[in-house]
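S.K.: Here you go, sequence then predicted model.
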Amino acid sequence: MPNQQKKHRIRKMLISFCIAILITLIIAVGAYAALRMAIRPPVIPEYVKILVPITPSPPTEVFIEPEISPEPYLDDYVPYEEEETYLPYTPIPEFETLIFQRRSSVFTFLFYGLDNGNNVDALLVAAFDTANGSASLISIPRDTRVYTDRTVTRKVVASYSAGRRNNGGHEGGIERLMTEVSTLIGFRPDFYLGVNQRGFIRLIDAIGGIEVNIPFRMVYNDPYQNLHINLAPGQQVLNGQDTLHFARFRQFNQGSRYFRSFSDFQRVENHQQIMSAIMQELLSARTIIRLPELVSNYRENVATNLSAFEIAWFIEQAQHLDTYSLSTYTLPIARTVRQGWYEMPDPVATLELINRTINPFTRDIIPEMLRIVE
């Protein structure tokens, strides 16, 4: 009898255990199904309406009837010939609406990095074609001149901080930044993603550092900013702090024995190298174990209009993207204005590059959609 009771208890325990396993599996499958349903591609507009100015053709003649002079006194009369009068023609601008259909598989992004003073320190525009598994990235030099109503510092790097003033906050900053970038590329990016210096350091450390090639010894000391850079040349793996120094390096101290010329375009190349290395690490299998740290960093130090589920969808799509599918470019510059130090974009070369790389439409962007100051 005791054996039968013991067997009965064991049987009940096994049944309870199986039921618990079954319930756990049902909950897990349900949660997974719900998660799969939540992870969807972001919604983007199917088309964009663009108002394009049209200058009407001038008429062949604009004739103004001469005024009839009063009858002169006979003794003062001097014969004269009336001259026909033509006024200069000033056309009234007209507009037409053009429809630009979106490519449904192409998503555009604005990436920016902030320094400790909420100034933009790095700026990149990217397009990700999820159908082809390819991406293009264009770096915008920080001193690029933009079409703006600001009377001072008309550089793209000043857009975000200018928008934050007068209680504009982050929303005002990103609105102005997106607007002024759109004057350079002809469209407004779908999404933005910005990271501050603390978030950048944590990101690099979370993925285990990145491998880059430092072209020469970089030494710079600025006690005012508490910035001390000392990087040896060569191929090496950098931690978060050293990667930030590599990204921020702009010049040597005056009279430094390491002094050599270093342009903003070389700095852009460094940013592109960092971006490529980050993407390579994020898409690697070993990043999975670091997801908790990445999620925590995302919540605390990243500003974006993408939801966590949308980011998860992009990460899933990016598994088809390899290093060779990422193309990097720099906004073409025609000349440098040394007064105020502005980089003036080349409108023809810029338009050609945009249409070849990050254009999200089914038709070419036209010159009227850009507002480039030459």
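M.R.: Yep, that arrived. Residues are numbered from 1 along each chain as shown.
S.K.: what secondary structure does Asn116 sit in?
M.R.: Remark: Asn116 carries the secondary structure label coil [criterion: DSSP: H, G, I helix; E, B strand; the rest coil].
S.K.: And for Leu123, the neighbour number?
M.R.: Counted by other CB atoms under 10 Å, the residues lying close to Leu123 total 26. C-beta here means a position set from N, CA and C on the backbone, and glycine is covered the same way.
S.K.: List the beta-bridge partners for it.
M.R.: Tyr112 (DSSP bridges).
S.K.: Surely it is in contact with Ile140?
M.R.: Yes: in this structure Leu123 lies within contact range of Ile140 using CB atoms under 8 Å: 4.5 Å.
S.K.: ok, Gln254 to Leu231 distance?
M.R.: In this view, Gln254 and Leu231 are 19 Å apart by CB to CB, to the nearest Å.
S.K.: of those two, who's got more company?
M.R.: In terms of neighbours (other CB under 10 Å), Leu231 is the more surrounded of Gln254 and Leu231; the figures are 19 against 6.
S.K.: Quickly find the element holding the closest residue to Asp190 other than its chain neighbours.
M.R.: If the residues on either side of it in the chain are set aside, Asp190 comes closest to Thr108, at 4.9 Å by CB to CB, 6 or more residues apart in numbering. Assignment of secondary structure by DSSP states H and E places Thr108 within strand 106-114.
S.K.: Packing partners of that strand?
M.R.: Strand 106-114 is packed against strand 120-129, helix 169-185, strand 191-195, helix 197-206, with contacts defined by 3 or more CB pairs under 8 Å, 6 or more residues apart in numbering; DSSP states H and E.
S.K.: Residues touching the third one, excluding its own?
M.R.: Under the criterion CB atoms under 8 Å, 6 or more residues apart in numbering, residues 42, 107-114, 174, 177-178, 203, 301-306 lie in contact with strand 191-195.
S.K.: that older thread, okay if I get the helices and strands packed on strand 106-114 as TSV plus mean pLDDT?
M.R.: Listed next are these as TSV, based on pLDDT from 0 to 100:
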stretch	mean pLDDT
strand 120-129	92
helix 169-185	94
strand 191-195	93
helix 197-206	89
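S.K.: Mean neighbour count, those: which tops it?
M.R.: strand 120-129 (a mean of 23; mean count of other CB atoms under 10 Å).
S.K.: Who are the packing partners of that one?
M.R.: The contact analysis (3+ CB pairs under 8 Å, 6+ apart) places strand 120-129 against strand 106-114, strand 134-139, helix 159-164, helix 169-185, helix 240-248, helix 264-282.
S.K.: try it again with 7 Å
M.R.: strand 106-114, strand 134-139, helix 169-185, helix 264-282 (3 or more CB pairs under 7 Å, 6 or more residues apart in numbering; DSSP states H and E).
S.K.: would you put the C-alpha positions of it in CSV?
M.R.: Provided in CSV are the C-alpha atoms of strand 120-129 (Å, rounded to 0.1, in the frame of the first residue of the first chain):
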residue,chain,number,x,y,z
VAL,A,120,27.2,68.5,-33.4
ASP,A,121,30.7,67.0,-33.8
ALA,A,122,30.1,64.5,-36.5
LEU,A,123,27.4,64.3,-39.2
LEU,A,124,26.5,61.5,-41.6
VAL,A,125,23.6,60.7,-43.9
ALA,A,126,22.9,57.1,-44.9
ALA,A,127,20.5,55.1,-47.0
PHE,A,128,19.8,51.4,-46.3
ASP,A,129,18.3,49.3,-49.2
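S.K.: any idea which residue sits dead centre in the protein?
M.R.: For the chain, the residue lying nearest the average C-alpha position, counting by CA atoms, centre = their mean, turns out to be Leu110 (1.8 Å).
S.K.: give the contact list for that one.
M.R.: With contacts taken as CB atoms under 7 Å, 6 or more residues apart in numbering, Leu110 has the following neighbours: Val125, Met178, Val181, Pro189, Tyr192.
S.K.: Apply 8 Å and report the result again.
M.R.: Neighbours of Leu110 in contact, by CB under 8 Å, 6+ apart: Leu123, Leu124, Val125, Leu177, Met178, Val181, Pro189, Phe191, Tyr192, Leu193.
S.K.: Among these, list the two that are farthest apart in space.
M.R.: For those, with distances taken as CB to CB, the pair at the greatest spread is Leu123 and Phe191 (14.5 Å).
S.K.: Just give me the neighbour total for Ser327.
M.R.: 16.
S.K.: again, but for the one 10 residues further on
M.R.: Residues lying near Val337 (other CB under 10 Å) number 12.
S.K.: Just list the residues touching the nearest residue to it once chain neighbours are set aside, thanks.
M.R.: The shortest distance from Val337 to any non-neighbouring residue, by CB to CB, 6+ apart, is to Met344 (6.1 Å). Residues in contact with Met344, defined by CB under 8 Å, 6+ apart, are Arg145, Ile333, Ala334, Arg335, Thr336, Val337, Val373, Glu374.
S.K.: Quick check: the gap between the nearest residue in space to the fifth one that is not next to it in sequence and Gln254.
M.R.: If the residues on either side of it in the chain are set aside, Thr336 comes closest to Glu343, at 5.8 Å by CB to CB, 6+ apart. Shown here: Glu343 relative to Gln254, a distance of 23 Å by CB to CB.
S.K.: Over to Ala126?
M.R.: From Ala126 across to Gln254, the span is 36 Å (CB to CB).
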